[in-house]
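K.L.:
got a sequence here, can you model it:
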Amino acid sequence: MRRRFRSLEICAGAGGQALGLERAGFDPVMLVDNDAHACATLRANRAEWRVLEADLKDFVGTEHDGVADVDLLSGGIPSTPFSIAGRQHGTKDDRDLLRTAIFLVMDVRPRAIMIASAANLLTSPKFGPARSFVEEELRDLGYHWEWRVLDAQHFGVPQTRKSGLLIAMRPDDFARFVWPLGDEGAPPLGMALRESMASRGWKGVDAWVQIADQVAPTIVGGSKNHGGADLGPTRSKRSWIEVGVDGRSLADEAPDSEFMLAPELGQDGLPKLTLSQVSKLQGFPDDWIITGRKTAGYRQVAQAMPPPVATAVGRQIAAALGD
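P.N.:
So this is what the prediction gives:
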């Protein structure tokens, strides 16, 4: 039986990364998030998890039993400060937690680190100073590291979703780390949601499946400063129209037998997604509970890392750490 590892999960959100890492062999000693709805979601799905509602900037890991010297410090820090869709203020954005996460590394001293954020953090020259800060601190702490952009659709998730990941470990462990291949194909949107869309007797579901014949666009939105329970800004909504979805808001239920598919009318003739369908497109299992009302629920799901991506990377981290 393979050994299980201990992790500290920061910016835990709806638990996508924690769930994926659990499947890979990591049990969280604590999960930290500042959102009450997200903390309620974590508790609703894993009553045994130790969940702390707190501002990460005020969190001192060594003040909590079992947190120091964990095997893995993991989390998905807010992507908005670095996202192409945002204003790209980076570390000057008051929502940024990149530096905070690195300061926590100094406090906790984990064997391994897995931090996820916007792909733009890795690819934009604008954020070179932010990456340099991280690398200098990790070097001083004795870690080796690598950045990489992974796309969720290469891990079986029916969505184009690129995430920027930082993996760091002690030199001996890092020498054994290999990035996952990401060679698993993803079903197109229509096939992924056909059963759900047909659940209330919608007669047009097969015609819709033919329209929705590619993986879904990136699920965006969920910022506390902007937007509600819709599929993002105007350019994102246009992408959803192309795959047969009205992205102006979420539906409470799947289309019924009377819904008329009329793509010639643009988004007015297309179905909307439910929160559970958005959750499925993020790779959450059907039985994963998302708490809160529609806007709060969508915010949690939209900001999550798809669990299959976390599982794939987590297995490689576990292999590097050894039995």
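K.L.:
quickly find the element holding Ile167.
P.N.:
Per DSSP states H and E, Ile167 falls inside strand 162-169.
K.L.:
helix or strand next in line after that strand, which one?
P.N.:
Assigned by DSSP H and E, the successor of strand 162-169 is helix 171-174.
K.L.:
buried set for the helix or strand of the chain with the lowest mean pLDDT?
P.N.:
Taking mean pLDDT, DSSP states H and E as the measure, the chain has helix 120-123 as its least confident helix or strand, at a mean of 90. Of the residues in helix 120-123, those buried by neighbour count under the rule 16 or more other CB atoms under 10 Å are 120-122. Using the backbone N, CA and C atoms, a C-beta is placed for each residue, glycine as well.
K.L.:
likewise for stretch 230-247?
P.N.:
Result for stretch 230-247 [16+ other CB under 10 Å]: buried residues 230-232, 236-237, 239-241, 243-247.
K.L.:
okay, and which of those residues map to helices?
P.N.:
236-237, 239-241 (DSSP state H).
K.L.:
could these go into a markdown table alongside distance to Pro263 and pLDDT?
P.N.:
Output for these, formatted as a markdown table (distance: CB to CB, whole Å; pLDDT from 0 to 100):
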| residue | distance to Pro263 | pLDDT |
| --- | --- | --- |
| Ser236 | 18 | 90 |
| Lys237 | 15 | 92 |
| Ser239 | 15 | 95 |
| Trp240 | 12 | 97 |
| Ile241 | 9 | 96 |
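K.L.:
out of those residues, who's nearest Met191?
P.N.:
Taking CB to CB as the measure, Met191 lies nearest Trp240 of these, at 16.8 Å.
K.L.:
with adjacent residues omitted, what lies nearest to the closest one?
P.N.:
Gly247 (3.8 Å; CB to CB, 6 or more residues apart in numbering).
K.L.:
is it true that that neighbour touches Arg235?
P.N.:
No. Here Gly247 does not reach Arg235: they are 10.6 Å apart, not a contact under CB atoms under 8 Å.
K.L.:
overlap in contacts, these two.
P.N.:
Shared contacts of Gly247 and Arg235, defined by CB atoms under 8 Å, 6 or more residues apart in numbering, are absent.
K.L.:
where along the stretch 51-200 of the chain do the strands fall?
P.N.:
Along the stretch 51-200 of the chain, counting by DSSP state E, counting those that start in this stretch, strands occupy 51-53, 72-76, 112-118, 144-151, 162-169.
K.L.:
export those strands as TSV, with columns for mean neighbour count.
P.N.:
Below are the strands of the stretch 51-200 of the chain laid out as TSV (neighbours: other CB atoms under 10 Å):
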stretch	mean neighbour count
strand 51-53	18
strand 72-76	26
strand 112-118	25
strand 144-151	16
strand 162-169	22
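K.L.:
quick one: closest of those strands to Arg131.
P.N.:
Between these, strand 144-151 lies closest to Arg131; by CB to CB that is 7.1 Å.
K.L.:
re the thing from before, residues contacting the residue nearest to Trp240?
P.N.:
If a contact means CB under 8 Å, 6+ apart, then Gly247 has 230-232, 236-237, 240-241, 267, 272-273 as its contacts.
K.L.:
need phi/psi at the residue sitting furthest away from the middle of the chain.
P.N.:
Centroid-distance maximum for the chain: Glu258 at 35.0 Å, with CA atoms, centre = their mean. Torsion angles at Glu258 (phi, psi; degrees, to the nearest 10) stand at phi -90, psi -10.
K.L.:
in stretch 59-67, what counts as buried?
P.N.:
Buried residues in stretch 59-67, counted by 16+ other CB under 10 Å: 59, 61, 64, 67.
K.L.:
please disregard the earlier target; I meant stretch 312-323.
P.N.:
Quick answer for stretch 312-323 (16+ other CB under 10 Å): 312-318, 320-321.
K.L.:
turn those residues into TSV, columns for distance to Gln153, secondary structure and pLDDT.
P.N.:
Output for the buried residues of stretch 312-323, formatted as TSV (distance: CB to CB, whole Å; DSSP: H, G, I helix; E, B strand; the rest coil; pLDDT from 0 to 100):
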residue	distance to Gln153	secondary structure	pLDDT
Ala312	13	helix	98
Val313	15	helix	98
Gly314	19	helix	98
Arg315	19	helix	97
Gln316	19	helix	98
Ile317	22	helix	98
Ala318	24	helix	98
Ala320	25	helix	98
Leu321	28	helix	97
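K.L.:
and which of those is nearest Val149?
P.N.:
Closest to Val149, out of all of the buried residues of stretch 312-323 and judged by CB to CB, is Val313, at 12.3 Å.
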